[in-house]
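[1] build me a model:
(2 chains)
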Number of protein chains: 2
Amino acid sequence: MTLRTRLPAPRRLPPLLPLDDRSAEPLQRQLYRGLREAILTGRIAPGALVSSTRALASELSVSRTTVVLAYEQLAAEGYLSTARGSGTRVASELPVRGSAVASRRPSAPARRAPRLSRRGDALSAIPSGGIRVAPAARPFRAGIPALELFPTSLWARLVSRRARRLSLSLLDYGDGGGYRPLRESIAAHVAGARGVECDWTQVIIMPGAFAAIDLVVRILLDAGDQVWIEEPGYLGARAAFAANGVRVMPVRVDAEGIDVPYGRARAPSARLAYVTPSHQYPLGMTMSLPRRLALLGWARTSAAWIVEDDYDSEYRYGGRPLPALYALDQHERVIYLGTFSKTMFPSLRLAFLVVPRGLAESFRLSREAGDQQPPALEQAALADFIAEGHFARHVRRMRAQYAARREALIAAAAREASQELTLDASDTGIHAIAWLPAGVSDRDVAARAAALGVEATALSTYYLGPPRAPGLVLGFAAVRPRDVAAGMRVLRDAVRASRRAR
Amino acid sequence: MTLRTRLPAPRRLPPLLPLDDRSAEPLQRQLYRGLREAILTGRIAPGALVSSTRALASELSVSRTTVVLAYEQLAAEGYLSTARGSGTRVASELPVRGSAVASRRPSAPARRAPRLSRRGDALSAIPSGGIRVAPAARPFRAGIPALELFPTSLWARLVSRRARRLSLSLLDYGDGGGYRPLRESIAAHVAGARGVECDWTQVIIMPGAFAAIDLVVRILLDAGDQVWIEEPGYLGARAAFAANGVRVMPVRVDAEGIDVPYGRARAPSARLAYVTPSHQYPLGMTMSLPRRLALLGWARTSAAWIVEDDYDSEYRYGGRPLPALYALDQHERVIYLGTFSKTMFPSLRLAFLVVPRGLAESFRLSREAGDQQPPALEQAALADFIAEGHFARHVRRMRAQYAARREALIAAAAREASQELTLDASDTGIHAIAWLPAGVSDRDVAARAAALGVEATALSTYYLGPPRAPGLVLGFAAVRPRDVAAGMRVLRDAVRASRRAR
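    Below you'll find the predicted structure:
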């Protein structure tokens, strides 16, 4: 009375139960899985009587307890049913044959990649920006600060202090807008540093700039709405628009920033403009005052919104900073976006919005519905870091460091590669543009440099349409002065090689 | 030669420059702001000559340096222009009159709330779940664990250790899928605990369950696509669908879970089903095996996706757990979602997806484009917490605690409120349902209980259509046994009062 003889058509059953004494998996579990698979694939038919526990134990040379436990689990899960006096049967109502689970191999690779949504395709097609040669920063990785100069032990001390004292309310879900003391610190900081006068309730803490733009888009725009983006422009914003099915209208920039009349002519019904007035990303110019006023005028008359991404204005090496566009707006059209990725470090994942008063409650509620608070620990530690003066001090120290690194980049470009590239370093931010000779492919140069261990992002990556001229985006904050000259020589050689290959 | 006499129509100028010696704001800044506002509002006309610095200093009784600094800043920002020999003038190209900045009050509250997008309206209208009486948990707050039993000092030790040793690559932007050691720990954990066999590359770390569902929706669905959600069902999922303009089709649940034939009849072309098979949210039943197979069969034949939200299956107080739906799927249709909000604590903000092999790379790329990594510190500390065995130990300890708290709830309901409610506590999870007498409004009862300091969520909140019967969702994990009886008496009184008021 073995399993073999009791079950209908059990010819292939023994190979299904290849119990392995040396496996880490308990025998009862192996038996359970083998029987389950036999049932699911129809090799043991619905309604069939199965061996008694005693008989199967003897057949398989395992203890009866092993079989009892496996049967019990199968019964608990609905695969077997036991009626007193009539033995144990495979459940009869299982829709097994030709069902979802008829094939043998549990994780056979799909033959074709599954179909994504249109926005899924768009989102995964957004270029990721620079090529990363190695995990640690290389010359001239853009968009990251000097991580080796971050005061890690000071930060660890603040984090540890907060971690030891995590109150019950800090462990719990937080307020939709973020941790209040951090919101207050930020409100005070942006008022002083950027002329952004706001109440703490208007400050919404977000887990990164993408999430912030994403939230703005979904609260204010519907799929199919048009937005202006700067051409060339920031890829993360393009990702947020793509993710929301919004139509992106590239608007060219000139020496004064985004060309408002051009945008009005091409996309008059746009509902939002995404701009980087302090330091255009990636070209680096500051938006002029007339252009700022024209943009605000457009937003006002069109009842459109402006997202002002002020991503690196803390670093300015000459002249006085213009206050934020937000500070000029008197009609509640500007949403200000700041990030701590460049002033602190990227994996902190903290950014913030300052929204017009009339939008604050909608933002808070929407963020609460989609529980997008950053972790409480980072919020609390950063609030301390700002309140105790460390933040202002760190930014001041870094400004001096980055000024020196910027000078080193300018000097190296002049000394090592004056024939191959023209450096264009604005007086703000943590990257510069290296213009390449006409006709050179910046993507080819970037690929050649990457092969030699140097990271430079092709400027054409940031264009939706045809790029104006070839160039490279060179970050300088994360590059130690001693590495600059060698990196510049690699760029020089990459340009030369690219020209020869034409 | 004062400002008053030199400028055109300067009649209201002096009140615009109300310099305040006692203000914390430096005089030069006050002067700068006053002049800027006068220019922007057109009270000083474009092109007009302004007073010399000496004259204005004398007029205002301030040092000349104060005026020079204010003028310099205004000139740097483009408000003033200085031509040698012809004095300082207001820039002539400012489009000020009738412009965006013509009104006086910088932050006058908007008269009407600004118009949101359709999805913005939908998102901010999602009910927030339970009423919160106080920041700290009260009986019977649902959806949170026993925060007071979390081993905070152990956690602080792991966090501090990691914070002290944050490597440069941990400070930087991370891999799109998350921190690799955490992904590996999770892959091992879900294989053992839930039968979810996967490779670490299929594990995508997300900053919370909402963000995880949100990512699935945007990668796999387009606006206007239909999804099945359980009726009643989880509000966070509804928020993620609303945020993406997806059409939600409520599919009723019965004792076996989601009613697949009903869904097939009502919304045959749905592209995704969002389900909670281990412990239906909020009603608590486990999806039966035939229903699981029917759902998988539907997904296979429709090429639709299933999101399996396994939000609290770690807590099971009797019987054997069914393996995850994911473990039954042999056609790569199921995306598994787990969270650490219930096993660790909510403000940790860590959840994860296990996606089919064929989707792993698309998910990683999309998440990289929208830089949604959680902070590195939490990911690294949690990886340690799991690897060092603390996680399994903590869950085991909590399971015993919650079993006792569940018993206390059942006993208190029987003792204190047997006429007013019928407790329905499934053997899984951290909440139970209290059914109320027919005709009673659960929202009214919840409001009355809240007024008396007790939190209970009306079951009707979770329905899109008319609710089947009035009930309350009662969390028990966060309720100390000594507080249960008093809380139950409040519920009893609330039900009585609500009946009397009818």
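[2] state the mean pLDDT of stretch A:474-492.
    For stretch A:474-492, mean pLDDT rounds to 96.
[3] cool, stretch A:69-81 as well?
    Stretch A:69-81 carries an average pLDDT of 80.
[4] is stretch A:387-396 up against chain B anywhere?
    No. Judged by CB under 8 Å from any CB of the partner chain, stretch A:387-396 makes no contact with chain B; its nearest approach is 13.4 Å. Where C-beta positions appear, they are placed from N, C-alpha and C, glycine not excepted.
[5] contacting residues around that stretch?
    Applying CB atoms under 8 Å, 6 or more residues apart in numbering or on different chains, the contact partners of stretch A:387-396 are A:150-151, A:154, A:158, A:181, A:185, A:189, A:314-315, A:343-344, A:382, A:385-386.
[6] buried members of those into ChimeraX, please.
    Restricted to buried positions by 16 or more other CB atoms under 10 Å in any protein chain shown, the ChimeraX selection for those reads:
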select /A:150,158,181,185,189,314,315,343,344,382,385,386
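[7] in three-state terms, label A:Phe352 for me.
    Following DSSP: H, G, I helix; E, B strand; the rest coil, A:Phe352 is assigned to strand.
[8] where does pLDDT dip in chain A?
    A:1-18, A:84-85, A:93-113, A:128-131, A:371 (pLDDT under 70).
[9] pull the contacting residues for the residue nearest to A:Ala76 when sequence neighbours are not counted.
    Among residues not flanking A:Ala76 along the chain, B:Arg320 sits closest, at 4.6 Å (CB to CB, 6 or more residues apart in numbering or on different chains). If you count contacts by CB under 8 Å, 6+ apart, B:Arg320 has them with A:Glu72, A:Gln73, A:Ala76, A:Glu77.
[10] then A:Leu116?
    Counting by CB under 8 Å, 6+ apart, the residues that A:Leu116 touches are A:Ser124, B:Ile219, B:Leu220, B:Ser362.
[11] need the contact partners of the helix or strand the last one falls within.
    Right, the one you point to is B:Ser362. In this structure, B:Ser362 is located in helix B:360-369 according to DSSP states H and E. Contacts with helix B:360-369, where a contact means CB under 8 Å, 6+ apart, come from A:113-114, A:116, A:120, A:123-124, A:126, A:128, A:210, A:235-236, A:239, A:242-243, B:175-177, B:199, B:201-202, B:204, B:206, B:215, B:218-219, B:353, B:355, B:373.
[12] where does the residue positioned nearest the centre of chain A sit: helix, strand or coil?
    Residue closest to the average C-alpha location in chain A (CA atoms, centre = their mean): A:Phe210, at 6.5 Å. Assigned with three-state DSSP, A:Phe210 falls in the helix class.
[13] against chain B, how distant is it?
    A:Phe210 sits at a distance of 4 Å from chain B (criterion: CB to the nearest CB, to the nearest Å).
[14] B:Leu215 is in contact with that residue, correct?
    No. Using CB atoms under 8 Å as the test, A:Phe210 is too far from B:Leu215 to be in contact (11.6 Å).
[15] what do those two both touch?
    Counting by CB under 8 Å, 6+ apart, the common neighbours of A:Phe210 and B:Leu215 are B:Gln372.
[16] how about the helix holding B:Ser362 as CSV, C-alpha atoms only?
    Taking C-alpha atoms only, helix B:360-369 is exported to CSV below (Å, rounded to 0.1, in the frame of the first residue of the first chain):
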residue,chain,number,x,y,z
ALA,B,360,13.9,43.4,-12.2
GLU,B,361,16.0,45.5,-14.5
SER,B,362,13.1,47.7,-15.6
PHE,B,363,12.3,48.4,-11.9
ARG,B,364,15.9,49.1,-11.1
LEU,B,365,16.3,51.5,-14.0
SER,B,366,13.0,53.3,-13.3
ARG,B,367,13.9,53.7,-9.7
GLU,B,368,17.3,55.1,-10.6
ALA,B,369,15.7,57.7,-12.9
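[17] next SSE after it?
    Heading C-terminal from helix B:360-369, the first helix or strand you meet, by DSSP H and E, is helix B:376-387.
[18] re the thing from before, which pair of the contacts of A:Leu116 spans the longest distance?
    Greatest spacing in the contacts of A:Leu116, by CB to CB: A:Ser124 and B:Leu220 (11.5 Å).
[19] fine, thanks again, bye for now.
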